[in-house]
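Chemist: how does the following fold in three dimensions:
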Amino acid sequence: MPFPLNALDYGSRYRLRELATPGEVYDLQTAAPNFDGLKSIQTAKSVDDSSLSLDHSNKLHAYADGQPCDLTGSNFYICPSMTIYGVTSINSVQKVLDRFKFTGFSISFNSCKITSAILHMFFIKTGDSIRSVTFYNCTFDSTATPECICKCFKKVNILHIFDGCPFKRDWIDAFINAEITDMYQLSFGNVSTEIFDISQKKLIEFFKRQELVLNIRLNDDVDDSEVESHLNRLFGEDCEDKQNEVRDATL
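Modeler: Numbering: from 1, shown residues only. From the prediction side, this is the model:
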């Protein structure tokens, strides 16, 4: 429930400033730049790229532009590109956002436990600004569905999902229903032939909406004849060029 800042007396505002994390102060001062009681100004260092990891005790470790970050005091960073290792919960995400303002161009999740709440948290912070998303060696709970991913990253241009893919049969429906039209690269790595259990009509519709390159790397225990059957069904004579592209990427 929203609480009006004007209802706080000056002492309470000062105490709020003391208790808030650097990320919270930055957001408060951005939302109310002339509000008395929230000084001093929270400064921020702009960096091009950040790499963040959380250990087993949920302690944050960070590098920015290849250099270790000082995560003490009121130090705070702004970056458009972020790689995150080991996020497992909302609390993990909050640890990141306490010290980093992600402006939302490229984000990569590595060895994370993905939930819809985690995805929505980044969506709320960045809106439609994220253009490139990578999931590598992640697990997805039952709420982190293809529909959820497409809704949170509706304007994405590049989506890579490697070694742990939640997209099984009929995944194309999520992209169609979300009206995604700006993609130019979609990659699935180490997946089963179940990835081909989609409607040919909808796949063609999805291709027609954008200039898309679809890359699929199957796991090692697939049957070649089964793959050939799927490709023939999805990419028949009417789609010969796209058939060759997918065949090169999967076989």
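Chemist: drop to CA atoms for contacts and neighbour counts, all remaining ones
Modeler: Fine.
Chemist: would you map the helices across the stretch 51-200 of the chain?
Modeler: In the stretch 51-200 of the chain, the helices defined using DSSP state H, counting those that start in this stretch lie at 90-97, 116-126, 146-152, 172-177, 200-208.
Chemist: using a markdown table, lay out those helices together with mean pLDDT.
Modeler: Formatted as a markdown table, those follow (pLDDT from 0 to 100):
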| stretch | mean pLDDT |
| --- | --- |
| helix 90-97 | 93 |
| helix 116-126 | 93 |
| helix 146-152 | 94 |
| helix 172-177 | 94 |
| helix 200-208 | 92 |
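Chemist: quick one: end-to-end distance for stretch 211-225.
Modeler: Criterion C-alpha to C-alpha, to the nearest Å; first-to-last residue distance in stretch 211-225 is 29 Å.
Chemist: pLDDT of it, averaged?
Modeler: Mean per-residue pLDDT for stretch 211-225: 91.
Chemist: buried residues of it, list them for me.
Modeler: Using 16 or more other C-alpha atoms under 10 Å as the test for burial, stretch 211-225 gives 212-218.
Chemist: repeat that for stretch 191-205.
Modeler: 191-193, 195-196, 198-199, 203.
Chemist: dump that stretch to CSV, restricted to CA.
Modeler: What follows is stretch 191-205 as a C-alpha-only set of coordinates in CSV (Å, rounded to 0.1, in the frame of the first residue of the first chain):
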residue,chain,number,x,y,z
VAL,A,191,17.4,-29.4,-25.7
SER,A,192,15.4,-32.5,-26.6
THR,A,193,13.3,-33.1,-29.7
GLU,A,194,10.3,-32.0,-27.7
ILE,A,195,11.3,-28.4,-28.8
PHE,A,196,9.9,-29.3,-32.2
ASP,A,197,6.4,-30.2,-30.9
ILE,A,198,4.9,-26.9,-32.2
SER,A,199,2.4,-25.9,-34.8
GLN,A,200,4.0,-25.3,-38.3
LYS,A,201,1.4,-22.6,-39.0
LYS,A,202,2.3,-20.7,-35.9
LEU,A,203,6.0,-21.1,-36.5
ILE,A,204,5.6,-19.6,-40.0
GLU,A,205,3.5,-16.8,-38.6
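Chemist: going forward, the N-terminal residue is numbered 127.
Modeler: With 127 as the first residue, the last one maps to stretch 317-331.
Chemist: residues in contact with that stretch?
Modeler: Here stretch 317-331 makes contact (C-alpha atoms under 8 Å, 6 or more residues apart in numbering) with 289-291, 293-299, 302, 342-345, 348, 352-353, 356-357, 359-361.
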